[in-house]
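1. Using only what follows, build the 3D model:
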Amino acid sequence: MAEDGKSTVRAVERALDLLLCFTTRREWAMTELAEQVGLHKSTVHRMLATLEQRGFVARDSASDRYRLGLRIWELSANMSGADDPAVIGLPEMERLRDLLGETVSLYLRDGNERIRIQAVQSIQAIRRVAPIGARLPLYVGASSKVLIAFEEPAVVEELLQDESWPPAFDRKQYREQFGEWRRLGYATSVEEREQGAAAVAAPIFSRMGKLVAALSVSGPANRLTPEKMREQAPAVMEAANRLGSMLK
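-> Next up is the predicted model:
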């Protein structure tokens, strides 16, 4: 029974690994998925057949490529509710976009990464496009800074010990800036992760005082100069406070 249980768990893990591949690309060929997850093609073929039968993936008969099925959207629909920051924050994010004219994003921390769970794109001709669902490292970017600096001390220490960060990254210098970001109530970044892009971000705290997310405004660095971001920071912090007041 124990061995059967382990086999079942391994099968579930492999199925989840296949589904997680679709966080980076919309469509995959079966052979590509097999290579990506490191499994034999026959194993992946059987798992995809089961996932397709249950509606979690769909196969395009013309291209023989797979994409996420409608069952995934049924599951995600049940995530949207009274406590979902992505739903609650959308009107506030749209208001901030209209006020500042730049792209507004909402990030949650997931382990040693941040994930963009909502975005409102700038309507300007030259703008920074922020795809929802993107996973980004925690050692660069304005949102990463506030998602670490405003955390509980024990969590901060754990994150700073993350071995996935580049060996050359100066953790000591990074830590020394926490006090300034906390004092200001926001953090900025200029071309840290993406050339030509800049951002200003503020933490979002729930009504219970818990760090929930980061709200950021990003755009071309030639528009979002350090001076401009200092001017915009109060509006970003105000929007973050209003959003947080709606979260438990």
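
2. which residues touch the one helix or strand in the chain whose mean pLDDT sits lowest?
-> Ranking every helix and strand in the chain by mean pLDDT, DSSP states H and E puts helix 70-77 at the bottom, with a mean of 76. Identification of contacts with helix 70-77 by CB atoms under 8 Å, 6 or more residues apart in numbering yields 19, 54-56, 58. Every C-beta, even on glycine, is put in place using the N, C-alpha and C of the backbone.

3. mind running it again at 6 Å?
-> Helix 70-77 has contacts (CB atoms under 6 Å, 6 or more residues apart in numbering) with 55-56.

4. next one: stretch 170-185
-> 145, 149, 160, 187, 237.

5. and which of these is nearest to residue 96?
-> The nearest member of the contacts of stretch 170-185 to residue 96, counting by CB to CB, is residue 237 at 10.7 Å.

6. Narrow the contacts of stretch 170-185 to those in strands?
-> For the contacts of stretch 170-185, the ones inside strands are residue 187, with DSSP state E as the criterion.

7. which pair in the contacts of stretch 170-185 spans the largest distance?
-> 160 and 237, at 24.6 Å, using CB to CB across the contacts of stretch 170-185.

8. coming back round to it: got the CA positions of the least confident helix or strand of the chain in CSV?
-> The C-alpha coordinates for helix 70-77 follow below in CSV (Å, rounded to 0.1, in the frame of the first residue of the first chain):
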residue,chain,number,x,y,z
LEU,A,70,-11.6,25.2,-20.0
ARG,A,71,-11.5,23.3,-16.7
ILE,A,72,-8.6,25.5,-15.6
TRP,A,73,-10.7,28.6,-16.1
GLU,A,74,-13.5,27.0,-14.1
LEU,A,75,-11.0,26.5,-11.2
SER,A,76,-9.6,30.0,-11.5
ALA,A,77,-13.1,31.6,-11.5
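
9. The helix or strand following that helix: which residues count as buried?
-> Next helix or strand after helix 70-77 toward the C-terminus (DSSP states H and E): helix 85-88. For helix 85-88, the neighbour count (16 or more other CB atoms under 10 Å) marks 85-86, 88 as buried.

10. Then stretch 136-152?
-> 136-151.

11. Which stretches in the protein count as helices?
-> With helices called from DSSP state H, the chain shows them at 2-20, 30-37, 41-53, 70-77, 85-88, 90-100, 142-149, 153-160, 171-176, 178-184, 226-244.

12. Please identify the most buried of those.
-> helix 142-149 (a mean of 26; mean count of other CB atoms under 10 Å).

13. Quickly note the distance from residue 203 to residue 136.
-> 16 Å (CB to CB, to the nearest Å).

14. Per the annotation, how does the chain divide into domains?
-> Per the TED database, the structural domains of the chain span 10-75, 80-245.

15. Distance from the first one to the middle of the chain?
-> Averaging C-alpha coordinates over domain 10-75 and over its chain gives two centres that are 22 Å apart (CA atoms, centre = their mean, to the nearest Å).

16. which residue sits closest to residue 144 in space, ignoring its chain neighbours?
-> Computed as CB to CB, 6 or more residues apart in numbering, the closest residue to residue 144 that is not its neighbour in sequence is residue 138, at 4.5 Å.

17. do residue 208 as well
-> Per CB to CB, 6+ apart, closest to residue 208 is residue 248, 6.8 Å.

18. Not counting residues beside it along the chain, what's closest to the most centrally placed residue in the chain?
-> Nearest residue to the geometric centre of the chain (CA atoms, centre = their mean): residue 115, 1.0 Å. Nearest residue to residue 115, sequence neighbours excluded (CB to CB, 6+ apart): residue 135, at 5.2 Å.
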